[in-house]
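[1] what's the 3D shape of this:
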Amino acid sequence: MVFIHGIGAPRQVEQERSAWTSALAEGALAAGHSRFASDLKSGAAETVFVHYGDLFSVPGAQGTADDLTEDEGRLLAEFMTDIIDEQLEDAEGDDARVLRNARAELVPNGPEQGLLQPVGRSINAATTLLSIPGLSRAGQWLSAKLLVRDFAQVARYLARAEPDAAGHPLDDRIRGRLHFALANSPQVLVAHSLGSVVAWETLHESGVEVPLFMTLGSPLGMRSVVWPSLRPQPPSTPPGVARWLNFWDRDDIIVARRRLERDVKPNADGNQPVSARVDSDGFWVHTATKYLRQAQVAGPIAEAALPDGPG
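    Below you'll find the model as predicted:
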């Protein structure tokens, strides 16, 4: 099994892999797959955690949204507008009022000068967003600047910029990490958040066969920024994917257009994503471990990882 993470600060790989496998084992037990859960706990089930968070760290930069290019700053503001518009579809009362205020803060007031304008607008809107209790619980963000820093990673990936000394842009280097992990043809690929965009594009490039592709808390369906920036177009199921399950939480603010099967074309074998909702309690529902603890998420992973019999 291959895991690939989403937005956020750089991870400690082994610590993160352990957290994901522990959560998956918990979900597998709830789904009745005790053998698979035991294999996860003992290390008998082979898991690889693909980490790319370090690639967002630029030497000499502050690691904040202030380091964005002009195009990245614009994409960031558009990405946040997408999120707010999605939330407004179901919001009522005070929450709807706050969301409308946040959206208004993202609209330029007259001619803009320089990058700090869209970044500043994004931080102001994020501050307003985090005043909504439900949204502040949905992610791991303790401040508006941290939220914007993480959201900016989506913009930086989709900008297809920031080349290294060899001329390879940031998005290409990120996908390179996953290409390496896919070389052993895993049974399962689990992709969370921005990782689902990385995984989808990588699978199209590689054509590797994956029996189960699972996306958790995916922004693939965001229409203004993510969707039109995907490569290749029009979006379709990667050719080697035999089964694609897409899970979303009702309180996950990263998810938009949750039913991906309505918009993703099938591959040559007729396979399309199948989306399902999960309901996590408590704080930080966007985290991958919240999803993996769900029986309906862990069950299909166990079945794909142990195809020879009950788990």
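[2] Any regions of the stretch 1-150 of the chain where pLDDT drops low?
    Residues of the stretch 1-150 of the chain meeting the criterion pLDDT under 70: 59-67, 110-116, 133-142.
[3] can you do 80?
    Along the stretch 1-150 of the chain, segments meeting pLDDT under 80 span 58-70, 90, 109-117, 132-143.
[4] For V274, list the residues it contacts.
    By Cβ atoms under 8 Å, 6 or more residues apart in numbering, the contact set of V274 is R243, W244, L245, N246, E261. No exception for glycine: its C-beta is placed from N, CA and C like everyone else's.
[5] so what's the residue nearest to the spatial centre of the chain closest to, chain neighbours aside?
    Centroid-nearest residue in the chain, with Cα atoms, centre = their mean: S193, separated by 0.8 Å. Leaving aside its chain neighbours, S193 sits nearest to G6 (2.2 Å; criterion: Cβ to Cβ, 6 or more residues apart in numbering).
[6] State whether the residue nearest to the centre of the chain and L216 are indeed in contact, as I suppose.
    Yes. Here S193 reaches L216: they are 7.4 Å apart, a contact under Cβ atoms under 8 Å.
[7] which residues do these two both contact?
    Shared contacts of S193 and L216 (Cβ under 8 Å, 6+ apart): A288.
[8] Can you tell me the number of residues neighbouring P163?
    The tally of other residues near P163 (other Cβ atoms under 10 Å) stands at 12.
[9] circling back to that earlier point, put the buried members of the contacts of V274 into a PyMOL selection.
    Per 16 or more other Cβ atoms under 10 Å, the buried members of the contacts of V274 correspond to this PyMOL selection:
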select buried, resi 243+244+245+246
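[10] so can I have JSON lines of the contacts of V274 showing secondary structure, pLDDT and distance to A37?
    Shown next, in JSON lines, are the contacts of V274 (DSSP: H, G, I helix; E, B strand; the rest coil; pLDDT from 0 to 100; distance: Cβ to Cβ, whole Å):
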{"residue": "R243", "secondary structure": "coil", "pLDDT": "98", "distance to A37": "21"}
{"residue": "W244", "secondary structure": "strand", "pLDDT": "98", "distance to A37": "24"}
{"residue": "L245", "secondary structure": "strand", "pLDDT": "98", "distance to A37": "19"}
{"residue": "N246", "secondary structure": "strand", "pLDDT": "96", "distance to A37": "23"}
{"residue": "E261", "secondary structure": "helix", "pLDDT": "89", "distance to A37": "29"}
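[11] And the contacts of V274, which two are furthest apart?
    Within the contacts of V274, R243 and E261 form the most distant pair, 12.3 Å apart (Cβ to Cβ).
[12] Buried residues, stretch 75-89. List them.
    Within stretch 75-89, the residues that count as buried by 16+ other Cβ under 10 Å are L75, L76, A77, E78, F79, M80, T81, D82, I83, I84, E86, Q87.
[13] residue ranges of the helices in the stretch 51-200 of the chain, please?
    With DSSP state H, counting those that start in this stretch, the ranges of helices along the stretch 51-200 of the chain come out as 70-88, 93-105, 116-129, 133-138, 144-158, 170-182, 194-206.
[14] can you tell which of those helices is closest to K265?
    helix 194-206 (12.0 Å).
[15] now what about the very next helix or strand once past that closest one, what contacts it?
    Using DSSP states H and E, the helix or strand that follows helix 194-206 in sequence is strand 212-216. Residues outside strand 212-216 that contact it (Cβ under 8 Å, 6+ apart): 187-193, 196, 199-200, 203, 238, 241-247, 260, 273, 288, 291-292, 297, 300-301, 304.
[16] Return the subset of those residues lying in strands.
    With strands defined by DSSP state E, the entries of these inside them are V188, L189, V190, A191, H192, W244, L245, N246, F247, P273.
[17] how about JSON lines for these, with distance to V210 added?
    Below are those laid out as JSON lines (distance: Cβ to Cβ, whole Å):
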{"residue": "V188", "distance to V210": "7"}
{"residue": "L189", "distance to V210": "5"}
{"residue": "V190", "distance to V210": "10"}
{"residue": "A191", "distance to V210": "11"}
{"residue": "H192", "distance to V210": "16"}
{"residue": "W244", "distance to V210": "9"}
{"residue": "L245", "distance to V210": "12"}
{"residue": "N246", "distance to V210": "14"}
{"residue": "F247", "distance to V210": "17"}
{"residue": "P273", "distance to V210": "13"}
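[18] Can you tell me which of these comes closest to V208?
    Nearest member of those to V208, counting by Cβ to Cβ, is L189, at 9.0 Å.
[19] count of residues packed around that closest one?
    A count of nearby residues for L189, using other Cβ under 10 Å, gives 30.
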